[in-house]
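[1] can you look at this prediction? I've put the sequence above it.
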Amino acid sequence: QVQLQESGPGLVKPSHTLSLTCTVSGGSITTNYYYWSWVRQPPGKGQEWMGAIDYSGSTDYSPSLKSRTSISWDTSKNQFTLRLNFVTPEDTAVYYCAGGNRKLGPYDVWGQGTQVTVSS
């Protein structure tokens, strides 16, 4: 079955760029009609959809994060990557990658999540 694994630094300094990669195994990142999303959950808060890249490589972002967010993919490695620029402590959260036929969920598969802390 499809499995997702996030990777990236757990600590990022304020004003720097957060970069996380999700590796897809057990399936192709170009599977028709599939969306690959990034979702985060700050401490004590609910989940927030950040953006997604679909099976054709098209991207969509949360309006509140669009100016600072980009999602790209490397089909040769079956990976997609989140970049969040100019981070602040408010970007501290557990970051998840997820996949499914609906851009905003519910998702068929989730990564285990990775804690990212923004601090100097």
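    Perfect, thanks for sending it.

[2] secondary structure element for the spatially most central residue of the chain?
    By Cα atoms, centre = their mean, the chain has its centre lying nearest to W38, at 2.7 Å. W38 is part of strand 35-41, with elements assigned from DSSP states H and E.

[3] not counting residues beside it along the chain, what's closest to N101?
    Leaving aside its sequence neighbours, N101 sits nearest to Y33 (Cβ to Cβ, 6 or more residues apart in numbering; 5.7 Å). Where you see a C-beta, it was placed from the backbone N, CA and C, and this is true even at glycine.

[4] thought T117 was touching L11?
    Yes. Taking contacts as Cβ atoms under 8 Å, T117 lies within contact range of L11: 5.3 Å.

[5] hey, where'd the strands end up in the chain?
    3-7, 11-12, 18-25, 35-41, 48-54, 59-61, 69-74, 79-84, 93-100, 109-110, 114-118 (DSSP state E).

[6] which elements pack onto the first one?
    What that stands for is strand 3-7. Counting contacts by 3 or more Cβ pairs under 8 Å, 6 or more residues apart in numbering; DSSP states H and E, strand 3-7 packs against strand 18-25, strand 93-100, strand 109-110.

[7] compare those and give me the one nearest K66.
    strand 18-25 (15.3 Å; Cβ to Cβ).

[8] just the angle between that closest one and strand 93-100, please?
    With axes from the mean of the first three to the mean of the last three Cα atoms, to 10 degrees defining the directions, strand 18-25 sits at 30 degrees from strand 93-100.
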